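Engineer: Got a predicted structure plus its sequence, pasted below:
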Amino acid sequence: MSNLSASYHVLVTGGGRGIGRAIAEALTRAGATVTILGRDRATLERAVGDGAAHHAVVADVSDQAAVNAAIAEAAARQPIDILVANAGAAESAPFGKTDAEMFRRMIDVNLMGVVHAVQAVLPSMKARRRGRIVAVASTAGLKGYAYVSAYVAAKHAVVGLVRALALEVAAQGITVNAVCPGFTDTDLVAGSIDNIMAKTGRSREDAVAELAKHNPQGRLVTPAEVADCVLWLVGEGASAVTGQAIPVAGGEI
């Protein structure tokens, strides 16, 4: 569905940059009213000023009380019909050097960040028997990658959450799906590229190629390609699609 009425209110977490901003822009262009949520007010306000979204609210997704307050602020303007739980973070280390705190950080942001946002919007969706929930997971939620065990574990948990929740709300007019991008041309992947360069001494071109080799198309995915998948999932044409984890990865999965 390429057009959404302004009567649809979308909340995008991590919406100030990268994939989240691309999703917000796509949904704004499609006609929805879009609120973005993130930690950095300046980044969010810049995205709103650029026309990528209509409103911004500030919260760290790992802080449930802050998420509840921010989403209540957004919903006070207009009930939230569509949640795109996009906020995430990635850290890398060999498993032997991945301590419990790194696991907690990855789970708090990548899994609990989704849980907090969904729990904040779901009661209203159930009451109105209408809603779309999309979690931006990763191909790391569908397969393993070396040296990012905590991130992979958290993203697998997101996919499991989506599959379970979809069954709970299937009869209530709500769909729940995950989009699983491969390595995508974002600030987050730029950090991975810098890490490869620092640890191996490779050039930037070689570091990009190291990530792009996972994609049979031999390239990084673009944020706009992920946004297009989300746009379809939140439209009427995908009403029968729920509980799915859809790779956007050039055939990697």
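Structural biologist: That came through, no problem.

Engineer: Who are the contact partners of Ile23?
Structural biologist: Listed by C-beta atoms under 8 Å, 6 or more residues apart in numbering, the contact set of Ile23 reads Val12, Gly15, Val84, Asn86, Val136, Pro223, Val226, Ala227, Val230, Leu231. Using the backbone N, CA and C atoms, a C-beta is placed for each residue, glycine as well.

Engineer: let me fix that: Leu161
Structural biologist: Residues near Leu161 by C-beta under 8 Å, 6+ apart: Leu111, Val114, Val115, Ala135.

Engineer: Apply 10 Å and report the result again.
Structural biologist: Counting by C-beta atoms under 10 Å, 6 or more residues apart in numbering, Leu161 touches Ala85, Leu111, Val114, Val115, Val118, Ala135, Ala137, Gly141, Val176, Ala178.

Engineer: Weed out the non-buried ones from those residues.
Structural biologist: With neighbours counted by 16 or more other C-beta atoms under 10 Å, these contain buried members at Ala85, Leu111, Val114, Val115, Val118, Ala135, Ala137, Gly141, Val176, Ala178.

Engineer: The first one reaches Ala135, doesn't it?
Structural biologist: Read it as Ala85. Yes - contact criterion C-beta atoms under 10 Å: Ala85 and Ala135 qualify, at 4.6 Å.

Engineer: Mutual contacts of these two, please.
Structural biologist: The contact lists of Ala85 and Ala135 share Thr13, Asn110, Gly113, Val114, Val115, Ala117, Val118, Val158, Leu161, Val162, Ala178, where a contact means C-beta under 10 Å, 6+ apart.

Engineer: Could you save those residues as a markdown table and add columns showing secondary structure, pLDDT and distance to Asn68?
Structural biologist: Listed next are the shared contacts of Ala85 and Ala135 as a markdown table, based on DSSP: H, G, I helix; E, B strand; the rest coil; pLDDT from 0 to 100; distance: C-beta to C-beta, whole Å:
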| residue | secondary structure | pLDDT | distance to Asn68 |
| --- | --- | --- | --- |
| Thr13 | strand | 98 | 13 |
| Asn110 | helix | 98 | 19 |
| Gly113 | helix | 98 | 13 |
| Val114 | helix | 98 | 14 |
| Val115 | helix | 98 | 12 |
| Ala117 | helix | 98 | 10 |
| Val118 | helix | 98 | 12 |
| Val158 | helix | 98 | 20 |
| Leu161 | helix | 98 | 18 |
| Val162 | helix | 98 | 21 |
| Ala178 | strand | 98 | 23 |
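
Engineer: which one among those gets closest to Val208?
Structural biologist: Using C-beta to C-beta, Asn110 comes nearest to Val208 of these, at 23.5 Å.

Engineer: My guess is that closest one contacts Gly141. True?
Structural biologist: Yes - counting by C-beta under 10 Å, Asn110 touches Gly141, with 9.1 Å between them.

Engineer: Can you list the low-confidence ranges for the protein?
Structural biologist: 1-3, 187-192 (pLDDT under 70).

Engineer: At which residues are the strands of it located?
Structural biologist: With DSSP state E applied, the chain shows strands at 9-13, 33-38, 55-58, 82-85, 131-136, 174-181, 245-248, listed in chain order.

Engineer: can I get the ones you listed in a markdown table with distance to Glu236?
Structural biologist: Below are these laid out as a markdown table (distance: least, C-beta to C-beta, whole Å):
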| stretch | distance to Glu236 |
| --- | --- |
| strand 9-13 | 15 |
| strand 33-38 | 17 |
| strand 55-58 | 24 |
| strand 82-85 | 12 |
| strand 131-136 | 10 |
| strand 174-181 | 11 |
| strand 245-248 | 17 |
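
Engineer: Work out which residue lies at the spatial centre of this protein.
Structural biologist: Closest residue to the average C-alpha location of the chain: Asn86 at 1.9 Å, with C-alpha atoms, centre = their mean.
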